[in-house]
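Here is a sequence with its predicted model. Questions after.
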6 protein chains.
Amino acid sequence: MRGFYIGRFQPYHNGHHEMVLTIAEEVDELVLGIGSAGDSHTRHDPFTAGERIMMIAKSLADVDLVTYAVPIEDLNRHSVWVSHVESMSPNFDVAYSNNPLVIQLFHEAGVEVRQSPMFDREVLEGTEVRERMIDGGEWESLVPTPSSRSSMR
Amino acid sequence: MRGFYIGRFQPYHNGHHEMVLTIAEEVDELVLGIGSAGDSHTRHDPFTAGERIMMIAKSLADVDLVTYAVPIEDLNRHSVWVSHVESMSPNFDVAYSNNPLVIQLFHEAGVEVRQSPMFDREVLEGTEVRERMIDGGEWESLVPTPSSRSSMR
Amino acid sequence: MRGFYIGRFQPYHNGHHEMVLTIAEEVDELVLGIGSAGDSHTRHDPFTAGERIMMIAKSLADVDLVTYAVPIEDLNRHSVWVSHVESMSPNFDVAYSNNPLVIQLFHEAGVEVRQSPMFDREVLEGTEVRERMIDGGEWESLVPTPSSRSSMR
Amino acid sequence: MRGFYIGRFQPYHNGHHEMVLTIAEEVDELVLGIGSAGDSHTRHDPFTAGERIMMIAKSLADVDLVTYAVPIEDLNRHSVWVSHVESMSPNFDVAYSNNPLVIQLFHEAGVEVRQSPMFDREVLEGTEVRERMIDGGEWESLVPTPSSRSSMR
Amino acid sequence: MRGFYIGRFQPYHNGHHEMVLTIAEEVDELVLGIGSAGDSHTRHDPFTAGERIMMIAKSLADVDLVTYAVPIEDLNRHSVWVSHVESMSPNFDVAYSNNPLVIQLFHEAGVEVRQSPMFDREVLEGTEVRERMIDGGEWESLVPTPSSRSSMR
Amino acid sequence: MRGFYIGRFQPYHNGHHEMVLTIAEEVDELVLGIGSAGDSHTRHDPFTAGERIMMIAKSLADVDLVTYAVPIEDLNRHSVWVSHVESMSPNFDVAYSNNPLVIQLFHEAGVEVRQSPMFDREVLEGTEVRERMIDGGEWESLVPTPSSRSSMR
């Protein structure tokens, strides 16, 4: 069984990581769709898709789950969003999201969506870690520690 | 050291696979950029990006190389192509291509590019396997066999 | 029951008209999706969407069928095409097409598609009438006569 | 004489309907351009173009006016907006709008524009009916009653 | 009086130059619109917009005519093309072109267009000089000599 | 030596002009990149690219500096922005900007950027002159006087 979990991952942080660990109990494989893939260099979206792929790869190197980090560009057209992510991603059986729009779109398309009570955490931690990074504050504790196995480039 | 190898992979076939095995002797990690990611359902580009990710993942499951399969959308603007792939991909040290345009663009950007004598093979096999698939011919011998380790979805 | 029939209608000609009359036996309402809506002023696509809406409206004024002429822009992304037309069009129960790609896309989306043996006629008449228009030949017999009820603007 | 009236119609409500009835005294035919056709599923733009076509069609079934409901995509380029709507719409003789930007653009293009004192009503009712829909309030009185003649799909 | 002359200028060659010298007899100022500004690095469109600006600037440094070299991106939508170039360019009184589509579009927009008998020369020389450049042939005689006044960067 | 100075120039005002005069002490030629070239007709971006070209041309007619006014469309993709402006502009040796994002992007691309203490002035004057224009206030003193040499169209 393969799951699909979409986010901007700006950056990939502990809130996301715990969501992934929770999902890992239900699926064998997981696609992490990296949304707004073309956005970078702003306060709201600082990291390129390539940088976000690396964050995810390093964080998940020790997790017992087959994962795919897939950048997905914005088409700015909600009515075709589900078709678009289904085209960019390996087939999946269930989607995971706490975003009301995403849930609605998957529901309309007949795709099973599961939620978690961690929505606020995902949003708040993203903003928090970006602000700390900008202000020179301590942000390292908010993101997963790269495993020793992963390459340290 | 990380390499970058771009192609449409429509589909990923033996010509690509041998290129990857050759590259594997020179790098520790390899990014396979899946170009024209948004194209599908045509004779020239039959498979979605998601399908091509799976082809690559299954074919490389047993290869001793850390790989990243990254879909890259066409921007139809050659002058920004290198910046675009650098944004979508994890950092890489060297690019591999036999396509003259790709080689020229990387050269202008100051990125090291390595070639191989297999260019004709890559192009001809792609067209050949697509034609056999359409005509109901025998195409399986032109693509890598999925490893027994990879999931058989 | 509402049907959906898509074409470029460059111009709307007798081949299209007989397709519509055939469809009219099976549905109460019909949406005519005008594809490549943004294209005009070329040999292949001479008429604007607005001009094609008028052709269709005038030709169908006397036909006992509720119709909707809906321009649909190209997104150049087959994987989202069905979602796109479903968004632009009133809900429909069945699609009509002889185009293999359209049939395949609707099939993948689980939408019922009906064909007709008139495919060649639709394609050949379109090219024929455009060529006659360009060469100053007699083309009027290839298109429906505007009904007397319709405004003659 | 044919008029042109553009709006987002999210949804088509009584403010729009009275504007149409007023316009109907001056023209024989009216094109209702449905702007931001590609937008849907948001608070500001909840309905798809197809849904908005149906709202308009049902509301106008009993009105003695030949009408065309035409979805028009945003090009996000004001300098070409008039050319764009003229391409997507049947020819029109006069435009109706209370939006200052629309009026300015038509004026620059030499197209006659007529206004009405109902501007505030169009804007305020749109926001009001969307908010009531979202909050579960009573919104039905703000939109036209579908005529008994129109299909009740 | 200001004229407008559009071309791809891939590269700016003697055929274009003589057209400009001819136009210079009729206007005080001339805008050279550089079409397909975003295209580069192909056989058909080798030079970037920036390179083409320089070609034109150097060739016209000694010509007694106020000129503006303006890159214009393709919108791929003929119906808005005139509005688009009018937006990107300083106001002009008359356009110069031998291209039938351009002439038709300006005509529909009510813009005066003047032609010249040099159409074939413009097209044939463009293809000829590009082919010579690619094949290592002698192409310098087909393009204007940079004036001694212009900078030799 | 050629410099590159990018701004929206909505409109070109004294703050910009003094920046140019300062830059003129360091370079022989200057490219003025007109950003957001496709935007017009709004409070934030009132003037078309063509109008902005004229403002710049008239203001700089008497300045002893070879200049190029080049409209540059937004690609809305920061990661390719430097490649894009380098493609649209004649080659330049040094960029001038006070905008932190622009400085960062040029820095990452290895392009030399020089700043000036006039940043606040550029931003504040732009907003101020637009507001005065809209409110019918006195704005003429905030923009350069067209030289008597320049054409008064």
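Thanks, I have it. None of the values given here were measured: they were computed from a predicted structure.

Going by residue numbers, what spans are helices in chain A?
For chain A, the helices defined by DSSP state H cover A:14-23, A:49-60, A:81-88, A:100-108, A:119-135.

does any bit of stretch A:106-119 sit next to chain B?
No: remark: stretch A:106-119 sits outside contact range of chain B, by C-beta under 8 Å from any C-beta of the partner chain, the gap being at least 14.0 Å. Where C-beta positions appear, they are placed from N, C-alpha and C, glycine not excepted.

List the buried residues in that stretch.
By neighbour count on 16 or more other C-beta atoms under 10 Å in any protein chain shown, the buried set for stretch A:106-119 is A:106, A:109, A:111, A:113.

State the distance from the second one to F:E26.
This means A:A109. Remark: distance between A:A109 and F:E26 (C-beta to C-beta, to the nearest Å) = 58 Å.

can you redo the helices of chain A as TSV with mean pLDDT?
Listed next are those as TSV, based on pLDDT from 0 to 100:
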stretch	mean pLDDT
helix A:14-23	93
helix A:49-60	97
helix A:81-88	98
helix A:100-108	96
helix A:119-135	81
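
Minimum distance to chain C: which of those has it?
Judged by C-beta to the nearest C-beta, the one of the helices of chain A that comes nearest to chain C is helix A:81-88, at 3.5 Å.

Show me what the closest one packs onto, helices and strands only.
helix A:100-108, helix B:49-60, helix C:81-88 (3 or more C-beta pairs under 8 Å, 6 or more residues apart in numbering or on different chains; DSSP states H and E).

Can you tell me what sits against the shortest one?
Read that as helix C:81-88. A:77, A:79-80, A:82-83, C:4, C:6, C:33, C:70, C:72, C:75, C:105-106, C:108-109, C:111, D:37-38, D:40, D:48-50, D:71 (C-beta atoms under 8 Å, 6 or more residues apart in numbering or on different chains).

Please report how far the residue lying closest to A:Y12 once chain neighbours are set aside lies from A:H17.
Leaving aside its chain neighbours, A:Y12 sits nearest to A:M55 (4.2 Å; criterion: C-beta to C-beta, 6 or more residues apart in numbering or on different chains). With distances taken as C-beta to C-beta, A:M55 is found 10 Å from A:H17.

higher neighbour count, those two?
A:M55 (22 against 16; other C-beta atoms under 10 Å in any protein chain shown).

Go ahead and confirm A:Y12 touches A:A57.
No: between A:Y12 and A:A57 there is no contact under C-beta atoms under 8 Å: 9.6 Å.

These two: which has the busier surroundings?
A:Y12 (29 against 20).

show me the contacts for that one.
A:52, A:55-56, A:59, A:143-144.

Who wins on neighbours among those?
Neighbour-wise, the contacts of A:Y12 (other C-beta under 10 Å) top out at A:R52, 27 neighbours.

Is it correct that that residue is in contact with A:Q10?
Yes: judged on C-beta under 8 Å, A:R52 makes contact with A:Q10 at a distance of 7.2 Å.

any common contacting residues for A:M55 and A:H17?
With C-beta under 8 Å, 6+ apart, A:M55 and A:H17 have common neighbours A:V143.

could you measure the closest residue to A:G33 other than its chain neighbours against A:E26, distance?
Once flanking residues are discounted, A:G33 sits nearest to A:I6: 3.8 Å by C-beta to C-beta, 6+ apart. Counting by C-beta to C-beta, the separation of A:I6 from A:E26 is 16 Å.

Please identify which of those two sits among more neighbours.
Counted by other C-beta under 10 Å, A:I6 and A:E26 do not tie: A:I6 has more neighbours, with 21 against 13.

Please name the residues that touch the closest residue to A:L142 other than its chain neighbours.
Nearest non-adjacent residue to A:L142, counting by C-beta to C-beta, 6+ apart: A:V129, 4.5 Å away. A:V129 sits next to A:11, A:13, A:139, A:142-143 when contact means C-beta under 8 Å, 6+ apart.

Return the member of these nearest to E:L101.
Closest approach between the contacts of A:V129 and E:L101, by C-beta to C-beta: A:P11, at 49.2 Å.

can you pull the contacts of the closest one?
A:46-47, A:52, A:55, A:126, A:129-130, A:143.

and A:E131, how many residues sit next to it?
Count around A:E131 with other C-beta under 10 Å applied: 12.

same check, this time on A:P46
16.

and it, what pLDDT?
What the model reports for A:P46 is a pLDDT of 96.

thinking it is in contact with A:S40, fair?
Yes: counting by C-beta under 8 Å, A:S40 is a contact partner of A:P46 at 6.8 Å.

got the contact list for the closest residue to chain D within chain A?
Closest residue of chain A to chain D, C-beta to the nearest C-beta: A:H78 (4.0 Å). The contact partners of A:H78, taken as C-beta under 8 Å, 6+ apart, are A:101, A:105, D:39-42.

Check A:I34 too.
A:6-9, A:49, A:52-53, A:56, A:69-72.

quick one: pLDDT of the nearest residue to it once chain neighbours are set aside?
Leaving aside its chain neighbours, A:I34 sits nearest to A:P71 (4.6 Å; criterion: C-beta to C-beta, 6+ apart). Looking at A:P71, its pLDDT reads 98.

Can you give me the neighbour number for A:P71?
A:P71: 26 neighbours (other C-beta under 10 Å).

now do the one 10 residues further on
When neighbours are defined as other C-beta under 10 Å, A:W81 has 23 of them.

Who does the nearest residue to A:A57 once chain neighbours are set aside form a beta bridge with?
In this structure, A:A57 finds its nearest non-sequential neighbour in A:A69, 6.2 Å apart by C-beta to C-beta, 6+ apart. When bridges are called by DSSP bridges, A:A69 pairs up with A:L32.

Quick check, A:A69 in contact with A:I53.
Yes: the pair A:A69 / A:I53 is scored as a contact, 4.6 Å apart, by C-beta under 8 Å.

Could you name every residue contacting both of the two?
A:34, B:68.

The closest residue to chain F within chain A - how many residues pack around it?
Nearest residue of chain A to chain F: A:H41, at 4.0 Å (C-beta to the nearest C-beta). Counted with other C-beta under 10 Å, the neighbours of A:H41 add up to 17.

Pipe the helices and strands packed on helix A:81-88 into JSON lines and attach distance to D:N91 per row.
Output for the helices and strands packed on helix A:81-88, formatted as JSON lines (distance: least, C-beta to C-beta, whole Å):
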{"stretch": "helix A:100-108", "distance to D:N91": "37"}
{"stretch": "helix B:49-60", "distance to D:N91": "42"}
{"stretch": "helix C:81-88", "distance to D:N91": "22"}
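
closest to A:I134 out of these?
Going by C-beta to C-beta, the one of those nearest A:I134 is helix A:100-108, 26.9 Å.

Touching the closest one from outside, list them.
In contact with helix A:100-108 (C-beta under 8 Å, 6+ apart) are residues A:6, A:78, A:81-82, A:95, A:97, A:112-113, A:115, D:41-42.

Tell me which residues touch A:H13, please.
A:125-126, A:129, A:142-144.

Oops, could you answer that again for A:E73 instead?
A:E73 is in contact with A:36-38, B:73, counting by C-beta under 8 Å, 6+ apart.

Over to A:F4?
A:30-31, A:33, A:85, A:89, A:92, A:94-96.

Only alpha carbons, please: show stretch A:53-64 as CSV.
Extracted C-alpha coordinates of stretch A:53-64, given in CSV (Å, rounded to 0.1, in the frame of the first residue of the first chain):
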residue,chain,number,x,y,z
ILE,A,53,14.5,16.9,-1.7
MET,A,54,17.7,16.6,0.2
MET,A,55,16.2,17.6,3.5
ILE,A,56,13.6,14.9,3.1
ALA,A,57,16.1,12.3,1.9
LYS,A,58,18.5,12.8,4.8
SER,A,59,15.7,12.9,7.4
LEU,A,60,14.2,9.6,6.1
ALA,A,61,17.4,7.6,5.5
ASP,A,62,17.0,5.6,8.7
VAL,A,63,13.2,5.3,8.6
ASP,A,64,11.9,1.9,7.6
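
what sits up against it?
A:9, A:11-12, A:17, A:20-21, A:24, A:32, A:34, A:47, A:67, A:69, A:71, A:143-144, A:146-147, A:149-151, A:153, B:68, B:70, B:89-91.
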